[in-house]
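Undergrad: what follows is a protein structure lacking sequence information:
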């Protein structure tokens with residue numbers, strides 16, 4: 001007995017709905033295991049802040065006699081990144097420090113968010129996973145962030161109108177290799193800033209473009225994304241505000257119903273502003289990122305001219321031209337080539353669906369994308385290559401890419417089979433090579449050049465999966481994920497009856 005076409009479509013739809021998120025979880029989780037504890041920039045600061053992010057716990061985080069200090073295990077704030085700045089040194093050096101019991105060797109430190117430098121939400125939420133074992137706790141935090149990201153992205157995908165789904169997926173995958181793949185499954189609040197950048201704006205856009213329960217759920221997700229970004233980093237709070245303004249500019253109409261719908265984005269804007277004002281990180285806008293009194297003072301014209309000329313290396317740094325981690329993991333040039341090629345193709349696809357309002361909003365976000373690092377470098381009296389890192393402005397790049405990829409009413413967003421395949425293979429290769437290099441850097445140090453990650457292992461987790469096996473699993477999962485997404489991109493351009501039926505049913509539900 002043969003299965004009827006509607007049942008076949010329903011089965012394929014269900015398989016995709018399960019398989020694609022699962023592949024995304026495996027691909028991101030593999031990156032979470034591809035780095036040791038403390039691998040992200042300033043992770044000693046962020047780990048200390050996380051352990052003290054909730055209630056102070058005897059033996060884990062205790063008050064000090066000095067307000068801006070806490071009593072913590074030295075493993076967290078001093079020795080988790082013993083390989084810092086030494087690409088030839090593996091993470092084996094952690095073996096002498098990272099014990100199973102963090103309650104031993106408690107010392108005072110001011111290296112943490114004890115003076116309110118960052119907003120508190122990221123540290124408060126992830127502190128729920130803090131325990132006696134540093135490695136287990138830190139890995140649990142990473143996996144929680146992975147599940148949170150994939151869960152939110154999946155929910156938004158199915159809630160959005162069909163024509164917006166390619167924009168959601170392509171704007172994220174075209175911008176997160178390799179820097180986003182490194183930071184999202186990390187112990188760094190940058191991961192939450194990137195998640196917020198990819199989810200907030202388009203869920204708010206969907207809020208304006210849908211009705212009924214879909215509208216309510218997309219609005220709720222937009223609020224969650226705002227709290228995640230603004231509650232993780234002060235600059236992400238600014239970007240949240242930018243995203244809200246951009247969406248309002250894209251959707252504005254002169255109707256009473258629209259004015260009433262502005263209550264939600266207005267509340268989101270005030271929420272982001274509240275987190276921004278609560279963090280002393282905002283002082284960078286007036287004083288720069290660090291004390292300039294001890295730095296050589298550069299002539300004003302030379303500083304501005306040099307930074308304008310060199311700015312492109314900062315703007316494309318998230319594609320692999322800048323090192324990962326503590327800026328000590330150099331990536332092969334093929335990574336930047338593959339990731340950059342996919343990005344250029346994505347942008348070219350979006351530019352073929354023009355719209356006057358979309359153009360003006362894109363130019364506004366592009367202006368901020370150029371202005372923000374230039375201004376901060378100027379206030380910091382620093383040249384490109386110091387102080388400002390690509391991860392600080394990657395959220396703006398994700399937002400810009402998404403807006404460019406919006407489908408206008410005048411012309412559909414069209415992706416050819418060749419374009420989809422080039423993006424798939426370029427990103428798969430870039431992700432695989434970047435992960436291999438990242439694992440090599442910590443397993444043996446970059447002074448070892450063997451392609452076999454299992455050779456001469458100096459450091460690895462106490463898990464039944466070897467470095468080489470992790471790389472194969474993570475690379476394969478990402479490649480299969482990209483192929484599955486490419487199929488979605490192509491089919492979204494000619495949605496099947498089942499997709500239309502589901503969308504219609506969503507629209508018919510009201511609260």
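TA: Arrived safely. Being a predicted model, the structure only gives us computed values, none of them experimental.
Undergrad: only C-alpha atoms for contact and neighbour calcs from this point on.
TA: Noted.
Undergrad: helices of the stretch 301-450 of the chain, start to end?
TA: 333-351, 356-379, 390-404, 417-443 (DSSP state H, counting those that start in this stretch).
Undergrad: would you turn those helices into CSV with mean neighbour count?
TA: Converted to CSV, the helices of the stretch 301-450 of the chain look like this (neighbours: other Cα atoms under 10 Å):
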stretch, mean neighbour count
helix 333-351, 21
helix 356-379, 17
helix 390-404, 25
helix 417-443, 22
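Undergrad: can I get the ones you listed in CSV including distance to residue 486 and mean pLDDT?
TA: Formatted as CSV, the helices of the stretch 301-450 of the chain follow (distance: least, Cα to Cα, whole Å; pLDDT from 0 to 100):
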stretch, distance to residue 486, mean pLDDT
helix 333-351, 12, 97
helix 356-379, 25, 93
helix 390-404, 17, 97
helix 417-443, 6, 97
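Undergrad: ok, now which ones touch residue 433?
TA: Neighbour list for residue 433: 332, 335 [criterion: Cα atoms under 8 Å, 6 or more residues apart in numbering].
Undergrad: quick check: domain ranges of the protein?
TA: When the chain is parsed with automatic domain parsing, its domains come out as 43-119, 133-508.
Undergrad: between the ones you listed, which one is closest to residue 19.
TA: Ranking the domains of the chain by proximity to residue 19 (Cα to Cα) places domain 133-508 first, at 8.4 Å.
Undergrad: run a quick neighbour tally on residue 278.
TA: Counted by other Cα atoms under 10 Å, the residues lying close to residue 278 total 17.
Undergrad: excluding its backbone neighbours, what's nearest it?
TA: Using Cα to Cα, 6 or more residues apart in numbering and skipping the chain neighbours, the partner closest in space to residue 278 is residue 119 (6.5 Å).
Undergrad: could you confirm that neighbour falls within a strand?
TA: No - looking at residue 119 with DSSP: H, G, I helix; E, B strand; the rest coil, it is coil, so not inside a strand.
Undergrad: that one touches residue 279, doesn't it?
TA: Yes - using Cα atoms under 8 Å, residue 119 makes contact with residue 279 at a distance of 5.3 Å.
Undergrad: how about the spatially most central residue of the chain, what does it touch?
TA: Among the residues of the chain, residue 194 comes closest to the average C-alpha position under Cα atoms, centre = their mean, at 2.8 Å. By Cα under 8 Å, 6+ apart, residue 194 lies in contact with 180, 184, 229, 394-395, 398.
Undergrad: hmm, 10 Å instead?
TA: 149, 172, 176, 180, 183-184, 225, 228-229, 236, 391-399 (Cα atoms under 10 Å, 6 or more residues apart in numbering).
Undergrad: what angle do helix 390-404 and the helix or strand where it lies make with each other?
TA: Element membership for residue 194, per DSSP states H and E: helix 190-209. Angle, helix 190-209 to helix 390-404, by axes from the mean of the first three to the mean of the last three Cα atoms, to 10 degrees: 20 degrees.
Undergrad: follow-up on the earlier one: could the helices of the stretch 301-450 of the chain go into CSV alongside distance to residue 265?
TA: Shown next, in CSV, are these (distance: least, Cα to Cα, whole Å):
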stretch, distance to residue 265
helix 333-351, 25
helix 356-379, 17
helix 390-404, 16
helix 417-443, 34
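Undergrad: quick one: closest of these to residue 490.
TA: helix 417-443 (7.2 Å).
Undergrad: okay, buried residues for the next helix-or-strand element following the closest one please.
TA: Once helix 417-443 ends, the next helix or strand along the chain (criterion: DSSP H and E) is helix 467-492. Buried residues in helix 467-492, defined by neighbour count with 16 or more other Cα atoms under 10 Å: 467-468, 470-486, 488-490, 492.
Undergrad: was I right to think residue 60 contacts residue 132?
TA: Yes - contact criterion Cα atoms under 10 Å: residue 60 and residue 132 qualify, at 7.1 Å.
Undergrad: neighbour count winner among these two?
TA: More crowded of residue 60 and residue 132, by other Cα under 10 Å: residue 60, with 22 against 16.
Undergrad: quick one: mean pLDDT for stretch 466-475?
TA: For stretch 466-475, the mean per-residue pLDDT is 98.
Undergrad: for that stretch, which outside residues touch it?
TA: Contacts to stretch 466-475, defined as Cα under 10 Å, 6+ apart, come from residues 23-31, 33-34, 428-437, 439-440, 443, 451-455, 457, 459-461, 465, 476-481.
Undergrad: how does it look with 6 Å?
TA: The contact list for stretch 466-475 (Cα atoms under 6 Å, 6 or more residues apart in numbering) reads 27, 30, 432, 453-454.
Undergrad: between those residues, which is nearest residue 167?
TA: Once Cα to Cα is applied, the member of the contacts of stretch 466-475 that ends up nearest residue 167 is residue 27, at 20.7 Å.
Undergrad: the closest one is in what secondary structure piece?
TA: Residue 27 belongs to helix 5-33, assigned by DSSP H and E.
Undergrad: what distance separates that helix from the centre of its chain?
TA: Per Cα atoms, centre = their mean, to the nearest Å, the displacement of helix 5-33 from the mean C-alpha position of its chain is 21 Å.
Undergrad: and that helix, what other elements does it pack with?
TA: Contact analysis of helix 5-33 by 3 or more Cα pairs under 6 Å, 6 or more residues apart in numbering; DSSP states H and E lists helix 467-492 as its packing neighbours.
Undergrad: quick one: secondary structure of residue 62?
TA: Reduced to three states by three-state DSSP, residue 62 is strand.
Undergrad: would you check how far apart the closest residue to it other than its chain neighbours and residue 430 are?
TA: Taking Cα to Cα, 6+ apart, and ignoring the residues beside it in sequence, residue 62 has residue 71 as its nearest neighbour in space, at 4.9 Å. As judged by Cα to Cα, to the nearest Å, residue 71 and residue 430 stand 42 Å apart.
Undergrad: next, the buried residues of the helix holding residue 194.
TA: Buried residues in helix 190-209, counting neighbours by 16+ other Cα under 10 Å, are found at 190-208.
Undergrad: repeat for stretch 24-44
TA: For stretch 24-44, burial by neighbour count (16+ other Cα under 10 Å) applies to 24-44.
Undergrad: on that earlier part again, and the next helix or strand past the helix holding residue 194?
TA: Heading C-terminal from helix 190-209 (DSSP H and E), you reach helix 212-230.
Undergrad: from the contact counts, what lies against that next one?
TA: Counting contacts by 3+ Cα pairs under 6 Å, 6+ apart, helix 212-230 packs against helix 190-209, helix 234-251.
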